[in-house]
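*Asks:* Sequence first, predicted model second:
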Amino acid sequence: MNNTALSNEDESFWDDDARILCDVERVASVRLSAVANSIDQDGYYPADIMGELGQAGAFLPHLKAYGERFDAAINNMSAISRHCGSTGFITWCQDVCGLYMELSGNPALVNRMTDHATGITFGGTALSNPMKAFTNIEAMALKASKVEGGYVVSGTLPWVSHIADGQCCGAIAAIDNTDGSRSHEVMFMLDINEEVKLTKCPEFSGMEGTSTWALNLNEYFVSDAQIIADPARPFIKKIRGAFILLQTGWAMGVTQASIDACREVEVSLGHVNQFLHNRPDELEAELKDLHARIMQLAKNPYDTSKEHMLDVLDTRAQCSELSLKASQSALLHQGARGYLMKSKPQRLIREAHFVGIVTPAIKHLRWEMAKLMSEG
Amino acid sequence: MTHSTEPWRLFICRACGLIYDEAEGDPDSGLAPGTRFEDIPVDWECPLCGVTKTDFEPFERPQISAAPQTVAFSKKPGIVVIGAGLAGWSVIEALRKDDADIPITLLSACKGDRYHKPELSVAMSRGVSAEQLVRESAEDAGRRLRVKLITNAFAVGLNTARHELRTTRGTIEYTHLVLAQGSKPYLPKQLAADTCWHVNHLKSWGGLEKTLRAGPQRVAIIGAGMIGCELAEDLNKAGHHVSLINRDAHPLLALLPPLAASCLVDSMVQQGIEHHANAHIAGLEKAASGESYIVLEDGSKLAYDQLIAATGLQTDNRLAKQAGLAFDNGIAVNARSLQTSEKNIYALGDCISIDGVACRFIEPIAHQARSIASSILCGDQQSYEHVDPVIRLKTRAMPIVLRGIPKPVGIWKTVTQNQQQLVMEQYVEGEKMAVLTMGLSSGSEAA
């Protein structure tokens, strides 16, 4: 599957969504299932498996160069998350990082895209802070100053995922005028090298294998070859909906895994589980509705209309609510065995919590919807 | 520095959001309570994420806009009403009158305070503020009527199969849903929302009132419908120089015959209001001097200080569209039951349409509210009877009362015309469609 994929010169090779999804599902079910707990709890960063997923075509369908099929990208991410939410999350990181490269229009970055899209190189996104800053939830953490041939950037971001030495992430820094007022923001590809200080984060309750670090920049030089967008805001406005919509694949995968966990014990516990609420059929019906809504939105990923944004935000919020409800139900369905520390429902609950709190968190989504709605 | 006399300050970690409170210090890292931010050593680290002092910035507590609890918390789904205008509160009053216990939740995009909306087009000359127009706060009404309030919140999604309403403050279940969301200003494409005022709700009216309080100003009102005409007189009376920009030849074109309309124009002109007939807006312009202008299609310009859009209303179709509710110029409801195309979802007030016609008047709302209450509580689904409301134009110099809705093809006949009064009747094929009374003597009736 993988090597032929790489050597294949036929441009139509990546057109077959069903084959890609099938290959992705195979890698996920064979390789990820076995190590999901180790990724979640022991901090095993599945770079090797990410490479295989990349070669199966998991990270490319949403890119313009590969036909801009957001539906296929979301379904791939969902298939991965069904076996490991952490890997699903870094799949999202990888997917949006690919978007930054491609949409930057910067030849130096566009040239890096093919390797990134096929999982030869990896990269994440450090946009949690600026996304919140742009909707007035918090202040910008990175500051840039113009210098010959680029910018120098300083500041600290507390947790950035899917980064490591030799990898990269999209980041945004603010440029202030001499009087302290804000001039604009610049978006750039932050290449992680010896100039970047990565500090181990405090231990999380789960998702430990996402290679998440506190990132400190001290006069880090950003060259023109790294610029994604300057100014950053029009770029962010364009990709914001797509950025958020892609995450739904991850959330749906966690939800599907929870439904699977409910069903796994149906033979042995169905006679008592029938008295539970949020039964798998009910959860699955809601997931099916939600999936249909998401596939519809995925047809116009760059629609910046208010209507579309509201739908994307609301869908993403519903994804969080549903994954929380489903993972909780998974534990109740599995009963005592779900209460074992290393059980699947325990991991699913931690993953669903992350779905609910990562940017954009449920509260951010609602904040932003309220803001959009009150703008007339 | 006079450290000891200044109030304690807060600083937030830009990286993780931890707040350093000078009053509390950080005893675990050796900072005693009362340690000023300036006095924190440079090698001190954020106790949560490890960044240094330079990543902290001053922090002020943000305001929280959620409504206080008015009823004991209950998870039980009940009736959910969307919209805290006259329509929403009327339904709640009607429901509570007949059932003391049924749980009711009110979802409102604003604070939800109760006021009488028709006053907004005549209140400026009375010199009152937005606060003074509030007849009962949402909190007081919520306690009195035992309604759970979800305010400053928006409905963003509706799933009729699961009876779930998705809002910006969480998802709520309902047994019955009542849509009383009103309508929003319709703005022609030449007018962006941030360039003009409207008086469609108290908050916007309040903003205009505060701005106009500064002293006499040049106010341009776009649109010479009922609101435009009432507002023109009100603002003129309040001491402002008013220009009424009318795209038609006459004000209230759909309602008034030319004779009556010209009496109204005469009355406005006498008061000092400029009426610009057949005036089509090409765009807005701001001169280098800062002066704002309306540019008309004939090239003429009109300077203004404040611009008000009175260009009509439209119903937001987002929720209806999402839930698959029939929508036809408004949320389509059954004329007898006020049910939407979904059985347990009702609608009333400005947001509805009956047979494709929107009805944006106050008078029917009380009847609609009682009918919905009786349908929900008693299952009586035939209790509403729609009649065309009596239209009253609150132009005090020239009050107008119109009974019946005039038809475009109708023929107007003058019944009485003298110094005090003009009475006209409209006929279509010999049948009387409408009676129009305007003039001083009808003042008491039109008040």
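*Replies:* That came in fine, so what should we check first?
*Asks:* residues in contact with residue 63?
*Replies:* Went with chain A since none was named. Residue A:63 sits next to A:98-99, A:102, A:113, A:117 when contact means Cβ atoms under 8 Å, 6 or more residues apart in numbering or on different chains. In this view, the C-beta of every residue, glycine as well, is placed from N, C-alpha and C.
*Asks:* right idea, wrong chain: chain B
*Replies:* Residues in contact with residue B:63 (Cβ under 8 Å, 6+ apart): none are found.
*Asks:* The least confident helix or strand in chain A by mean pLDDT: what's the following helix or strand?
*Replies:* Taking mean pLDDT, DSSP states H and E as the measure, chain A has helix A:2-7 as its least confident helix or strand, at a mean of 44. Using DSSP states H and E, the helix or strand that follows helix A:2-7 towards the C-terminus is helix A:17-27.
*Asks:* tell me which residues in that next one are buried?
*Replies:* For helix A:17-27, a neighbour-count test (16 or more other Cβ atoms under 10 Å in any protein chain shown) marks A:17, A:20-21, A:23-25, A:27 as buried.
*Asks:* How about stretch B:314-333?
*Replies:* For stretch B:314-333, burial by neighbour count (16+ other Cβ under 10 Å) applies to B:314-315, B:317-320, B:322-323, B:325, B:327, B:330-333.
*Asks:* who's in contact with that stretch?
*Replies:* Taking Cβ under 8 Å, 6+ apart as the rule, stretch B:314-333 contacts A:307, A:310-311, B:82, B:155, B:157-160, B:179, B:181, B:183-186, B:339-342, B:345-348, B:350-354, B:356-358.
*Asks:* Just the C-alphas of it, formatted as CSV.
*Replies:* The C-alpha coordinates for stretch B:314-333 follow below in CSV (Å, rounded to 0.1, in the frame of the first residue of the first chain):
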residue,chain,number,x,y,z
GLN,B,314,-37.6,40.9,8.2
THR,B,315,-37.7,37.6,10.1
ASP,B,316,-34.5,35.7,10.6
ASN,B,317,-35.0,32.3,9.0
ARG,B,318,-31.9,30.5,10.4
LEU,B,319,-33.6,28.5,13.1
ALA,B,320,-36.6,27.6,11.0
LYS,B,321,-34.4,26.6,8.1
GLN,B,322,-32.3,24.4,10.3
ALA,B,323,-35.2,22.7,11.9
GLY,B,324,-37.1,22.4,8.6
LEU,B,325,-40.0,24.5,9.7
ALA,B,326,-42.1,26.0,6.9
PHE,B,327,-41.1,29.5,6.3
ASP,B,328,-42.9,31.9,4.0
ASN,B,329,-42.0,35.6,4.6
GLY,B,330,-41.9,34.6,8.3
ILE,B,331,-42.4,31.4,10.3
ALA,B,332,-45.5,30.0,8.7
VAL,B,333,-48.2,29.2,11.3
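*Asks:* How far off centre is that stretch?
*Replies:* Offset of stretch B:314-333 from its chain centre (Cα atoms, centre = their mean, to the nearest Å): 18 Å.
*Asks:* next one: stretch B:199-218
*Replies:* What separates the centre of stretch B:199-218 from the centre of its chain is 14 Å, taken as Cα atoms, centre = their mean.
*Asks:* follow-up on the earlier one: next step: the contacts of residue A:63 restricted to helices.
*Replies:* The helices, defined by DSSP state H, take in A:98-99, A:102, A:113, A:117 from these.
*Asks:* Could you dump the buried residues of helix A:17-27 into TSV and include pLDDT?
*Replies:* Formatted as TSV, the buried residues of helix A:17-27 follow (pLDDT from 0 to 100):
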residue	pLDDT
A:17	91
A:20	95
A:21	96
A:23	96
A:24	97
A:25	97
A:27	97
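*Asks:* for the record, mean pLDDT for stretch B:304-321?
*Replies:* The predicted model assigns stretch B:304-321 a mean pLDDT of 94.
*Asks:* Contact residues of the stretch 251-400 of chain B facing chain A?
*Replies:* Proximity of the stretch 251-400 of chain B to chain A (Cβ under 8 Å from any Cβ of the partner chain) is limited to residues B:318, B:322.
*Asks:* mind running it again at 10 Å?
*Replies:* B:316-318, B:321-322 (Cβ under 10 Å from any Cβ of the partner chain).
*Asks:* Mind picking the two most distant members of the residues you listed?
*Replies:* Put simply, by Cβ to Cβ the two of these set farthest apart are B:316 and B:322, 11.1 Å from each other.
*Asks:* quick one: low-confidence parts of chain B?
*Replies:* Residue ranges of chain B with pLDDT under 70: B:1-4, B:75, B:440-447.
*Asks:* Actually, chain A.
*Replies:* A:1-11, A:376.
*Asks:* Now do the strands in it.
*Replies:* Ranges of strands within chain A are A:123-125, A:142-147, A:150-160, A:168-176, A:182-191, A:196-200, A:213-223, A:227-229, based on DSSP state E.
*Asks:* circling back: among the contacts of stretch B:314-333, name the ones in strands.
*Replies:* Within the contacts of stretch B:314-333, residues falling in strands by DSSP E are B:82, B:155, B:157-159, B:179, B:184-185, B:345-347, B:352-354, B:357-358.
*Asks:* Distance check, the residue of the stretch 301-447 of chain B found nearest chain A against residue B:371.
*Replies:* Proximity of the stretch 301-447 of chain B to chain A (Cβ to the nearest Cβ) peaks at residue B:318, 6.6 Å away. For residue B:318, the distance to residue B:371 equals 26 Å [Cβ to Cβ, to the nearest Å].
*Asks:* returning to that earlier point: in JSON lines: the ones in helices among the contacts of residue A:63, plus distance to chain B and neighbour count.
*Replies:* Formatted as JSON lines, those follow (distance: Cβ to the nearest Cβ, whole Å; neighbours: other Cβ atoms under 10 Å in any protein chain shown):
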{"residue": "A:98", "distance to chain B": "27", "neighbour count": "25"}
{"residue": "A:99", "distance to chain B": "25", "neighbour count": "22"}
{"residue": "A:102", "distance to chain B": "30", "neighbour count": "22"}
{"residue": "A:113", "distance to chain B": "30", "neighbour count": "23"}
{"residue": "A:117", "distance to chain B": "31", "neighbour count": "26"}
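*Asks:* Dump those to JSON lines, plus distance to residue B:68.
*Replies:* Formatted as JSON lines, the ones in helices among the contacts of residue A:63 follow (distance: Cβ to Cβ, whole Å):
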{"residue": "A:98", "distance to residue B:68": "47"}
{"residue": "A:99", "distance to residue B:68": "44"}
{"residue": "A:102", "distance to residue B:68": "49"}
{"residue": "A:113", "distance to residue B:68": "53"}
{"residue": "A:117", "distance to residue B:68": "52"}
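*Asks:* quick check, nearest of the residues you listed to residue B:118?
*Replies:* Nearest to residue B:118 out of the ones in helices among the contacts of residue A:63 is residue A:99 (Cβ to Cβ; 51.5 Å).
*Asks:* Residue A:25 contacts residue A:82, correct?
*Replies:* Yes. Using Cβ atoms under 10 Å, residue A:25 makes contact with residue A:82 at a distance of 8.3 Å.
*Asks:* For the stretch 1-150 of chain B, which residues are neighbours of chain A?
*Replies:* Counting by Cβ under 10 Å from any Cβ, the stretch 1-150 of chain B sits next to chain A at B:12-18, B:46, B:48-52, B:54-55, B:57, B:59, B:62, B:65, B:109-110.
*Asks:* Let's see that with 6 Å instead.
*Replies:* Residues of the stretch 1-150 of chain B found near chain A (Cβ under 6 Å from any Cβ of the partner chain) are B:14-16, B:49, B:51, B:55.
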